[in-house]
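Participant: this is a predicted model, with the sequence first.
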Amino acid sequence: MPRRFNTAGPNRADIHFTLDAEARSPELRRLIENQEYFVLHAPRQTGKTTLLEIMARKLTAEGRYTAIRFSIEASRAFSKDVVAAVTTALDALRQAAKALLPEPLRPPQHLFENIPDPANGVLHVLSEWASQSPRPLVVFIDEIDAIEDDALISILHQLRNGYTFRPQSFPQSLALIGMRDVREYRAHVRPDRESLGSASPFNIKARSLTLGNFSLDEVAALYHQHTEETGQAWSEEAVRRVYELTQGQPWLVNALAKKSSSKM
């Protein structure tokens, strides 16, 4: 069955037409290899989750790293309850690892049980997993700005506390993914709460990256994948017109292609 254009959730390269992750953000591999922590922020439906999901799968398949992307959006409901927020985030990590990683690379189940200090569970699990992992860890935490207040402060502090122990006892590289740059996280803390504790709530970051819209060449490359697999083709004029109408916004590019290809 041929792949298709996707307008619902993250792409899967095996069933959706998808641009190469490293081509869209060529700095990613250098940051990971240099043991950097960084932020990737962009509006919704620009491909952030797709980009890092594909990158995680690629890094793991290459055999050098164990890489995982997971979302902590479910912790949103517990922004004032640190233990509940951390427990929910760790459950998301456990489920993602079970679904996406081969068993020898997953964090052992016992790491999630009887955590000495549940409020600091992120620090505990990532430290123990990295220490026991046969490969350096690369971790992408999605929807970080879904959480607020005490839970946000706690998780950021735990990541900062573990940073100096990388890569032997903490992830070699880690990214926070969301709609906002890290300096804007202060808006997610209620006014009567203590400050985030530093000039930046994630002052260990090496870079703040963003993800722009597709270029004209990227729109053409995406559509060409469809042509190669189905024989249906867009003229250069049609591709240019799509780019003019959408300005390369990824969801719109895929939506127009999905609608038009079904009628071709």
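Facilitator: Looks like it came in fine.
Participant: element containing Ala206?
Facilitator: strand 205-210 (DSSP states H and E).
Participant: partners of that strand, with directions?
Facilitator: strand 37-41 (parallel) (DSSP bridges).
Participant: and stretch 8-22, average pLDDT?
Facilitator: Stretch 8-22 carries an average pLDDT of 89.
Participant: one step back: by contact count, what packs against the helix or strand that the strand holding Ala206 is followed by?
Facilitator: Sequence order places helix 216-230 as the next helix or strand after strand 205-210, per DSSP H and E. Packing partners of helix 216-230 (3 or more C-beta pairs under 8 Å, 6 or more residues apart in numbering; DSSP states H and E): helix 236-246, helix 250-261. For every residue, glycine as well, the C-beta is placed using N, CA and C.
Participant: can I get the CA coordinates of the first one in PDB?
Facilitator: The C-alpha coordinates for helix 236-246 follow below in PDB (Å, rounded to 0.1, in the frame of the first residue of the first chain):
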ATOM      1  CA  GLU A 236       6.200  22.900 -11.200                       C
ATOM      2  CA  GLU A 237       3.500  25.600 -11.500                       C
ATOM      3  CA  ALA A 238       1.200  23.700  -9.200                       C
ATOM      4  CA  VAL A 239       3.900  23.100  -6.600                       C
ATOM      5  CA  ARG A 240       4.800  26.800  -6.700                       C
ATOM      6  CA  ARG A 241       1.200  27.800  -6.300                       C
ATOM      7  CA  VAL A 242       0.900  25.500  -3.200                       C
ATOM      8  CA  TYR A 243       3.900  27.200  -1.700                       C
ATOM      9  CA  GLU A 244       2.500  30.600  -2.400                       C
ATOM     10  CA  LEU A 245      -0.900  29.700  -0.800                       C
ATOM     11  CA  THR A 246       0.600  28.000   2.300                       C
END
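Participant: contacts for stretch 79-89?
Facilitator: 72, 74-75, 77-78, 118-122, 147-152, 154-155 (C-beta atoms under 8 Å, 6 or more residues apart in numbering).
Participant: out of the helices and strands packed on helix 216-230, indicate the one that is most buried.
Facilitator: Compared across the helices and strands packed on helix 216-230, helix 250-261 shows the largest average neighbour count, a mean of 19 (mean count of other C-beta atoms under 10 Å).
Participant: before we move on, back to that, name only those of the contacts of stretch 79-89 that count as buried.
Facilitator: 72, 75, 78, 119-122, 147-152, 154-155 (16 or more other C-beta atoms under 10 Å).
Participant: now, which of these sits nearest Leu211?
Facilitator: Ile72 (19.3 Å; C-beta to C-beta).
Participant: so what's the closest one up against?
Facilitator: Neighbours of Ile72 in contact, by C-beta under 8 Å, 6+ apart: 85, 88-89, 92, 141-144, 146-147, 155.
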